[in-house]
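> Got a sequence here, can you model it:
(one chain, ligands or ions: 1)
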Amino acid sequence: MERRRMTLYGAAVLSLLAALAHLWVMPEHFEEWWGYGLFFLSAAAAQGFFGVALLRQPGRALLLLGVVGNLALIALYVVTRTAGVPFFGPHAGEVEGMGVLDLSALAAEAALVVALAAIARSGRRANAPASVEGAEPVRTGEPVPGFSRRDFLRTAGIAGALGMSGGALGLRAAGVTGALGAAGVAAGAHAGLAHGQEMDAGGHEGMVGQHGGQGDVDLSKFDPSKFLRDFYWGEERQEGGRTVREYELVAEDVEIEVAPGVFYPAWAYNGQVPGPTLRAREGDRVRVTFKNRGAHPHTIHFHGIHDANMDGTFELVGPGQEFVYEFDAEPFGCHLYHCHVPPLRKHVEKGLYGAFIVDPKEGRSEADEMVMVMNGFDTNFDTENEVYTVNGVAFHYQRHPIQIKKGQPVRVYLVNMTEFDLINSMHIHANFFDYYPTGTKLEPTEYTDTKMLAQGERGIMEFTYGRTGNFMFHAHVNEFAELGWLGFFEVEE
Ligand SMILES: [Cu+2]
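Numbering: from 1, shown residues only. This is a model prediction of the structure:
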């Protein structure tokens with residue numbers, strides 16, 4: 001009976017481990033759809049209660065329930081990883097990715113089924129008339145026909161140990177980017193924002209040389225100052241008398257720092273949000289090799305004129321897969337690219353976007369060129385942005401003002417990729433700019449100091465500062481400015 005009890009304890013632990021795994025991933029599933037969240041909550045609750053019930057009243061009905069329930073969960077797992085999510089919710093039909101945590105939960109459930117079967121079997125033997133309790137010693141070396149309880153126990157023990165170590169690994173990974181981490185991130189976000197506001201209030205002092213005295217993000221990972229003027233022209237080659245540009249974009253799941261100490265579990269092109277600024281000349285052949293190293297299917301949808309099968313809307317690129325997009329760069333202008341896998345909001349919100357600039361054949365006039373991608377981050381997963389930025393890090397250009405020269409024309413490629421909020425805007429201080437909507441015409445349509453952009457809208461700004469000093473620029477949606485979308489031009493002689 002001692003072995004039976006040990007198997008019981010083992011089974012209870014396995015059930016609790018599986019429950020913990022389901023509980024762990026529950027918040028992010030709630031974020032996707034309340035139905036998914038509820039499913040994970042129910043599974044966790046059932047497995048939790050089952051583990052406890054097993055130790056109190058391990059009757060045959062309960063054992064059977066455990067076997068059937070866990071087999072059903074295993075079957076559902078296999079279906080969602082092969083055929084896709086069945087019928088329900090926004091992910092219906094979408095194939096889910098696999099991770100350490102869910103595989104260890106799966107291992108725990110499989111081991112649990114084996115253990116429950118073993119308990120049921122030992123129970124039946126113990127209750128058989130010929131078998132008296134305690135009179136059924138399993139002597140070492142005794143030949144046992146078939147699969148003995150000891151074998152079951154050993155199997156369950158090994159699988160359990162695997163499940164536990166896998167679970168621990170998974171928990172560590174999840175601790176960084178996952179659900180419970182979200183609480184920490186949310187708390188961090190508030191700290192970060194208080195911090196931001198403090199800096200905002202101190203902005204005028206900042207102008208006399210105290211920028212960035214209050215901590216910074218890890219700029220070795222991603223530096224918006226470098227990103228600002230970093231244009232990815234691709235590998236240039238000549239094919240049949242025309243210019244071909246070859247680019248490589250890799251989608252991956254990566255944690256990014258969007259304000260000092262505020263981390264966000266992003267899906268990103270080439271490990272950064274925004275993704276690299278792709279650039280070509282009108283008429284160039286653009287060839288983009290896209291590799292998906294993330295856990296979900298993704299694509300790249302380029303704004304421009306191209307074939308239907310190069311549009312990044314139909315051919316999903318699954319985890320581990322590749323796809324090559326090829327098209328002519330047209331029309332010239334300030335465009336964008338982003339993932340187009342449903343639910344679209346989710347894939348964009350997570351960070352899969354960047355600017356795509358096509359120069360006119362004759363080029364544009366000489367200028368100090370830079371790209372500014374306006375965006376936001378929902379750091380506590382409440383479908384609202386807590387942090388707003390230009391180029392991915394809140395208040396970066398307040399801590400590190402953009403150096404420009406007096407009298408030097410500046411050209412800003414401005415792209416709005418903010419999710420959740422319908423509009424964003426750009427305002428520069430003590431100056432006015434020429435504005436070219438979408439950059440598709442060579443004549444400006446407006447001379448202004450504030451421009452409002454809807455989601456996905458973009459344009460080109462041109463201006464020159466005739467005075468030296470520090471000049472602020474920010475969203476004129478003032479709430480966004482206070483939550484990170486604010487910076488300075490430092491104009492020097
Ligand atoms: Cu995607």
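> C-alpha from now on. contacts and neighbour counts both.
Will do.
> what's the domain layout of this protein?
The record's domain parsing of the chain by automatic domain parsing lists 2-137+145-177, 224-492.
> out of these, nearest to the ion?
domain 224-492 (3.6 Å; CA to the ion).
> Over to that closest one now: how far is its first residue from its last?
Terminal residues of domain 224-492 lie 20 Å apart, using CA to CA, to the nearest Å.
> looking only at pLDDT, what's the mean for that domain?
Domain 224-492 comes out with an average pLDDT of 97.
> With distance to residue 215 and mean neighbour count as extra columns, can I get the domains of the chain in JSON lines?
Formatted as JSON lines, these follow (distance: least, CA to CA, whole Å; neighbours: other CA atoms under 10 Å):
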{"stretch": "domain 2-137+145-177", "distance to residue 215": "21", "mean neighbour count": "18"}
{"stretch": "domain 224-492", "distance to residue 215": "6", "mean neighbour count": "20"}
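> Now render those domains as TSV, adding distance to the ion.
Converted to TSV, these look like this (distance: least, CA to the ion, whole Å):
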stretch	distance to the ion
domain 2-137+145-177	12
domain 224-492	4
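> contacts for stretch 308-327?
Stretch 308-327 has contacts (CA atoms under 8 Å, 6 or more residues apart in numbering) with 97, 285-302, 306-307, 339-341.
> returning to what we had before: tell me which of the domains of the chain lies nearest to residue 218.
Closest of these to residue 218 is domain 224-492, at 7.4 Å (criterion: CA to CA).
> what's the following helix or strand after the longest strand along the chain?
Ordering each strand of the chain by length in residues (DSSP state E) puts strand 242-259 first. Next along the chain after strand 242-259, taking DSSP states H and E as the criterion, comes strand 262-269.
> That next one relative to strand 242-259, how many degrees between them?
When axes from the mean of the first three to the mean of the last three CA atoms, to 10 degrees is applied, the directions of strand 262-269 and strand 242-259 differ by 160 degrees.
> Tell me which other helices or strands strand 262-269 touches.
In this structure, strand 262-269 makes packing contacts with helix 179-201, strand 242-259, judged by 3 or more CA pairs under 8 Å, 6 or more residues apart in numbering; DSSP states H and E.
> make it 6 Å
strand 242-259 (3 or more CA pairs under 6 Å, 6 or more residues apart in numbering; DSSP states H and E).
> what's the offset of the strand it packs on from the middle of its chain?
Offset of strand 242-259 from its chain centre (CA atoms, centre = their mean, to the nearest Å): 14 Å.
> Neighbouring strands - and their directions - for that strand?
Using DSSP bridges, strand 242-259 pairs in its sheet with strand 235-239 (antiparallel), strand 262-269 (antiparallel), strand 285-292 (parallel).
> Same list (the domains of the chain) but as JSON lines, adding distance to residue 216.
Converted to JSON lines, the domains of the chain look like this (distance: least, CA to CA, whole Å):
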{"stretch": "domain 2-137+145-177", "distance to residue 216": "19"}
{"stretch": "domain 224-492", "distance to residue 216": "5"}
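> mind checking how far residue 289 is from residue 326?
Going from residue 289 to residue 326 by CA to CA gives 9 Å.
> actually residue 486, not the one I wrote
For residue 486 relative to residue 326 (CA to CA), the value is 37 Å.
> Beyond the helix ranked longest in the chain, next helix or strand please.
Secondary structure of the chain per DSSP state H: the longest helix is helix 2-32. The C-terminal neighbour of helix 2-32 among helices and strands, as given by DSSP H and E, is helix 34-56.
> Wasn't residue 114 part of a helix?
Yes. With DSSP: H, G, I helix; E, B strand; the rest coil as the criterion, residue 114 is part of a helix.
> Distance of it relative to residue 60?
From residue 114 to residue 60 the distance is 15 Å (CA to CA).
> for residue 241, same thing?
Computed as CA to CA, the residue 241 to residue 60 distance reads 78 Å.
> Ok, residue 43 next?
Separation of residue 43 from residue 60 (CA to CA) stands at 21 Å.
> And for residue 275?
Applying CA to CA, the value for residue 275 to residue 60 is 57 Å.
> try residue 11
With CA to CA as the criterion, residue 11 and residue 60 are 14 Å apart.
> got it, and residue 115?
Distance, residue 115 to residue 60, by CA to CA: 13 Å.
> what's the answer for residue 358, then?
In terms of CA to CA, residue 358 sits 70 Å off from residue 60.
> Could you do residue 485 as well?
When residue 485 is compared with residue 60 (using CA to CA), they lie 62 Å apart.
> Kindly report the same for residue 292.
As judged by CA to CA, residue 292 and residue 60 stand 47 Å apart.
> Same check on residue 17?
Residue 17 is 22 Å from residue 60, by CA to CA.
> how about residue 243, what does it touch?
By CA atoms under 6 Å, 6 or more residues apart in numbering, the contact set of residue 243 is 237, 284.
> For the stretch 251-400 of the chain, which segments count as strands?
Taking DSSP state E, counting those that start in this stretch as the test, the strands found in the stretch 251-400 of the chain are 262-269, 277-281, 285-292, 301-302, 322-328, 333-338, 353-359, 368-377, 387-390.
> contacts for stretch 416-434?
Identification of contacts with stretch 416-434 by CA under 6 Å, 6+ apart yields 349, 373-376, 444, 446-458, 461-463, 471-476.
> Now intersect the residues you listed with the helices, please.
Under the assignment DSSP H, the contacts of stretch 416-434 contribute residue 349 to helices.
> if we can go back for a sec, can I get the longest strand of the chain as CSV, trimmed to CA atoms?
The C-alpha trace of strand 242-259 is given here as CSV (Å, rounded to 0.1, in the frame of the first residue of the first chain):
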residue,chain,number,x,y,z
ARG,A,242,18.2,46.9,-62.9
THR,A,243,18.9,47.5,-59.2
VAL,A,244,17.8,44.8,-56.8
ARG,A,245,17.9,45.3,-53.1
GLU,A,246,17.9,42.3,-50.8
TYR,A,247,16.8,42.6,-47.2
GLU,A,248,16.4,40.2,-44.3
LEU,A,249,13.7,40.6,-41.6
VAL,A,250,13.4,38.1,-38.8
ALA,A,251,10.4,38.0,-36.5
GLU,A,252,11.1,37.0,-33.0
ASP,A,253,9.6,37.2,-29.5
VAL,A,254,11.8,39.5,-27.5
GLU,A,255,11.6,41.6,-24.3
ILE,A,256,12.2,45.3,-24.9
GLU,A,257,12.7,48.2,-22.5
VAL,A,258,10.2,50.9,-23.4
ALA,A,259,11.1,53.3,-20.5
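> okay, the angle between it and strand 322-328?
120 degrees.
> okay, the angle between strand 242-259 and strand 368-377?
Going by the same axes, to 10 degrees, strand 242-259 makes 50 degrees with strand 368-377.
> Now do strand 242-259 and strand 277-281, the angle between them.
Going by the same axes, to 10 degrees, strand 242-259 makes 160 degrees with strand 277-281.
> tell me the contacts of the closest residue to residue 354 other than its chain neighbours?
Leaving aside its chain neighbours, residue 354 sits nearest to residue 275 (4.6 Å; criterion: CA to CA, 6 or more residues apart in numbering). Contact analysis of residue 275 by CA under 6 Å, 6+ apart lists 269, 353-354.
> so where's the stretch 51-200 of the chain uncertain?
Residue ranges of the stretch 51-200 of the chain with pLDDT under 70: 123-200.
> can you pull the contacts of the nearest residue to residue 378 once chain neighbours are set aside?
Distances taken as CA to CA, 6+ apart place residue 385 nearest to residue 378, at 4.2 Å, with adjacent residues excluded. Applying CA under 6 Å, 6+ apart, we find residue 385 in contact with 376-378.
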